[in-house]
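[1] Sequence first, predicted coordinates after that:
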Amino acid sequence: MLVKTIHKEVLMKSDLKVNELQELMNSYYQQSDFKKLLLVVNQLLIKDPNNSEYLTHKLKALEQLGRATENIKFLQHYVNSRSTDITGFLLLYRAYLERDDVVSAIFSLVFALSIEPNNEEVIYLLLDILQDINPEYKRVKINVMTTSRIGHLSCEIEPLFRSLQDQPQDCLYLFLRGGGDIANQYLFGLLEDFSNIIVDSFWINLYISRPLLLNEFFLAEFPYDNNLMLRGVSGDEIFVEGTKNLCHIYNTYPRFLELPSQDIALAWQLLADKNLYKEDKIVCLHVRDSYYLEKNMNRKDYSYHDFRDADIGTYKKAITELISKGYKVVRIGAETNQQLDLDSPSYIDLCIDGINEHRDLVEIVLISLCEFFICTTSGPMSTAALFDTPTLIVNAVPYVHPYFKNSRVIPKRLFQHDKEINIMEVCHGKTLSVNDSKPILLVLTNEELKDNGYQYVDNTELEILNAVNEFMNKVDNRVFDQHLTSQQEEYQKRLPDDFIYKESTSLICDSFLTEYPEIFK
């Protein structure tokens with residue numbers, strides 16, 4: 001009797017109690033009165049928007065009324081709340097196709113197959129839609145790219161495609177753009193030119209909120225993939241395996257990325273105002289400091305990376321030497337809190353006196369075309385790898401070899417209290433202490449070092465000068481002399497087989513090995 005009384009007024013009232021609405025919902029469902037069922041369920045969902053029972057009843061009502069694909073927002077809500085129900089993904093597939101959104105239709109089928117891998121209907125639908133795009137496609141893989149840091153932007157998509165050059169081109173790769181700003185708009189555009197980058201917050205949030213829902217078969221794993229942490233992989237394992245992957249790729253496969261000639265021409269046109277011309281012998285310079293992250297990434301404390309910073313003043317002798325040999329030295333990078341006291345028309349500091357329009361383009365062109373690049377261990381180093389640019393890494397920390405070819409390195413020296421640490425012992429797995437079994441090689445934060453009495457010491461002016469002179473003599477028109485000295489050969493032999501940079505062809509400068517032989521024994 002209560003139901004009969006209420007259902008006459010259900011269209012008029014919205015203040016019914018939950019139990020009364022639930023009774024109506026069940027009654028209308030049993031009666032197959034889907035119009036009234038939809039009205040009641042909508043009222044229940046106002047009170048409890050994520051209730052899976054209510055969502056299911058609404059979906060059934062919409063299906064029976066022939067309206068199941070009319071509201072994509074509802075279907076997305078349904079999938080978020082009932083993510084292991086293949087029905088929602090199949091309806092999303094239909095809804096997206098009706099709107100000619102083929103990419104989202106593919107995502108829907110991928111997640112449906114992640115739930116039911118052997119569903120023949122869904123397999124057929126996916127293969128059909130893939131072959132409509134390209135008859136060669138037999139599978140699809142997806143991932144979320146990192147765009148806010150230039151190092152990640154550089155070493156995710158490009159090395160993946162570099163490694164696929166000799167593979168059958170039978171897979172469609174789709175990359176969702178992650179949140180935050182884009183570190184370099186021009187580089188992002190270059191990546192877009194040869195890959196499929198999609199902006200869709202729904203699919204990003206679905207993956208981030210439940211990454212294991214996506215079957216590994218459909219994961220486009222990057223060579224160095226921090227997203228694997230969402231799938232339970234430790235940061236140390238990502239660092240070790242990712243570094244090994246990058247070493248293998250950049251020392252095995254040829255360059256993949258090329259710049260359009262019109263972009264290069266525009267860059268030289270802009271650089272002419274800075275007294276820079278394509279006939280010049282240019283050395284690019286990047287010296288990391290903390291100002292950029294403090295200003296632009298202030299929602300997160302990045303001070304744990306401060307031990308990577310360096311004092312630009314210690315580069316003055318090397319820069320002066322380069323200028324005396326006919327080079328123009330161009331400092332690149334974003335905002336900075338350091339300025340070099342050097343007045344020369346052959347030293348151009350684009351951090352202080354930059355190019356506002358097309359700045360991102362100019363920096364990429366300079367890195368790709370310069371005679372060689374001097375940098376610290378920070379994001380632009382990874383950008384140089386894209387173009388196989390000869391690169392000297394100075395003040396390298398934590399202890400690294402460059403993972404790419406055509407490079408050399410001098411590390412910061414490491415002390416524990418007053419005692420200098422033997423670098424060869426670090427390469428062989430020396431741990432932080434008897435009570436902390438973490439290898440120093442895997443310590444990526446300043447706090448862990450300080451807690452155990454360690455500190456890095458920056459390279460001196462003389463160390464940097466000697467390394468630059470050595471490197472300068474190994475580069476001719478961007479061609480790098482890979483010859484090793486006897487000391488470098490001996491050092492290489494002493495590295496353990498499981499050393500994470502073992503496959504890299506880049507080693508420590510001979511000048512540094514000569515200066516500090518006791519820490520390489």
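    Looks like it came in fine. Note that the coordinates shown come from a computational prediction; the quantities given were computed from them, not determined experimentally.
[2] pLDDT score assigned to N452?
    The confidence metric pLDDT takes the value 90 at N452.
[3] can you check Y292 too?
    Predicted confidence (pLDDT) for Y292: 48.
[4] what do you get for N356?
    Reported pLDDT for N356: 86.
[5] Equivalent analysis for S303, please.
    At S303, pLDDT is 48.
[6] do N296 as well
    N296 is given a pLDDT of 47.
[7] And the contacts of stretch 348-359?
    186, 266-267, 270-271, 273-276, 328-336, 339-340, 362-363 (Cβ atoms under 8 Å, 6 or more residues apart in numbering). All C-beta atoms are positioned from the backbone trio N, CA, C, and that covers glycine.
[8] Can you tell me which of these are classed as buried?
    Among those, those classed as buried by 16 or more other Cβ atoms under 10 Å are 186, 267, 270-271, 274, 276, 328-334, 336, 340, 362-363.
[9] Grab the nearest non-local neighbour of N477.
    In this structure, N477 finds its nearest non-sequential neighbour in E371, 7.5 Å apart by Cβ to Cβ, 6 or more residues apart in numbering.
[10] And the one you found, how far from T377?
    21 Å (Cβ to Cβ, to the nearest Å).
[11] Counting neighbours, go ahead and name the busier of those two.
    T377 (23 against 20; other Cβ atoms under 10 Å).
[12] Just list the residues touching the more buried one, thanks.
    Per Cβ under 8 Å, 6+ apart, neighbours of T377: R288, R308, I393, N395, A396, V397, P398, V400.
[13] ranking those by neighbours, who comes first?
    Result: N395 is most packed of the contacts of T377 (other Cβ under 10 Å), 27 neighbours.
[14] Confirm that it sits in a strand.
    Yes. Assigned with DSSP: H, G, I helix; E, B strand; the rest coil, N395 falls within a strand.
[15] and the closest residue to it other than its chain neighbours, what pLDDT?
    Spatially, and ignoring its direct neighbours in sequence, N395 is nearest to A310 (4.2 Å; Cβ to Cβ, 6+ apart). Here the pLDDT value assigned to A310 is 89.
[16] A310 and G333 touch, don't they?
    No. Using Cβ atoms under 8 Å, A310 is not in contact with G333; the gap is 11.9 Å.
[17] Give the residues shared as contacts by these two.
    V287.
[18] residue closest to the middle of this structure?
    Residue closest to the average C-alpha location in the chain (Cα atoms, centre = their mean): H152, at 3.0 Å.
[19] Relative to S433, how far out is that one?
    31 Å.
[20] How about L266?
    From L266 to S433 the distance is 54 Å (Cβ to Cβ).
[21] can you check G354 too?
    Taken as Cβ to Cβ, the span from G354 to S433 is 45 Å.
[22] When these two are compared, which one has more neighbours?
    When G354 and S433 are compared on other Cβ under 10 Å, the one with more neighbours turns out to be G354, at 17 against 14.
[23] Need the nearest residue in space to K47, chain neighbours excluded.
    Nearest non-adjacent residue to K47 (Cβ to Cβ, 6+ apart): V18, at 6.1 Å.
[24] residues touching the one you found, list them.
    Residues in contact with V18 (Cβ under 8 Å, 6+ apart) are L44, K47, D48.
[25] Counting neighbours, show which residues of stretch 179-193 come out buried.
    Buried-residue list, stretch 179-193, by 16+ other Cβ under 10 Å: I182, A183, N184, Y186, L187, F188, L190, L191.
[26] and it, how far out from the chain's middle?
    How far stretch 179-193 lies from its chain's middle: 11 Å, per Cα atoms, centre = their mean, to the nearest Å.
[27] Can you show me the strands along the stretch 51-200 of the chain?
    139-145, 171-177, 196-198 (DSSP state E, counting those that start in this stretch).
[28] Which of the buried ones among the contacts of stretch 348-359 fall in helices?
    Mapping those onto helices (DSSP state H) picks out Y186, A267, L270, L271, V362, E363.
[29] which residues of the stretch 51-200 of the chain fall in helices?
    52-64, 72-81, 86-98, 102-115, 120-133, 150-154, 157-163, 185-194 (DSSP state H, counting those that start in this stretch).
[30] Present the ones you listed as TSV; the columns should include mean pLDDT and distance to L246.
    Shown next, in TSV, are the helices of the stretch 51-200 of the chain (pLDDT from 0 to 100; distance: least, Cβ to Cβ, whole Å):
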stretch	mean pLDDT	distance to L246
helix 52-64	95	43
helix 72-81	96	35
helix 86-98	97	35
helix 102-115	98	27
helix 120-133	97	29
helix 150-154	94	10
helix 157-163	97	6
helix 185-194	96	17
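[31] would you list those helices in TSV and tack on distance to I238?
    TSV is the format used below for those (distance: least, Cβ to Cβ, whole Å):
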stretch	distance to I238
helix 52-64	34
helix 72-81	27
helix 86-98	29
helix 102-115	22
helix 120-133	29
helix 150-154	12
helix 157-163	14
helix 185-194	21
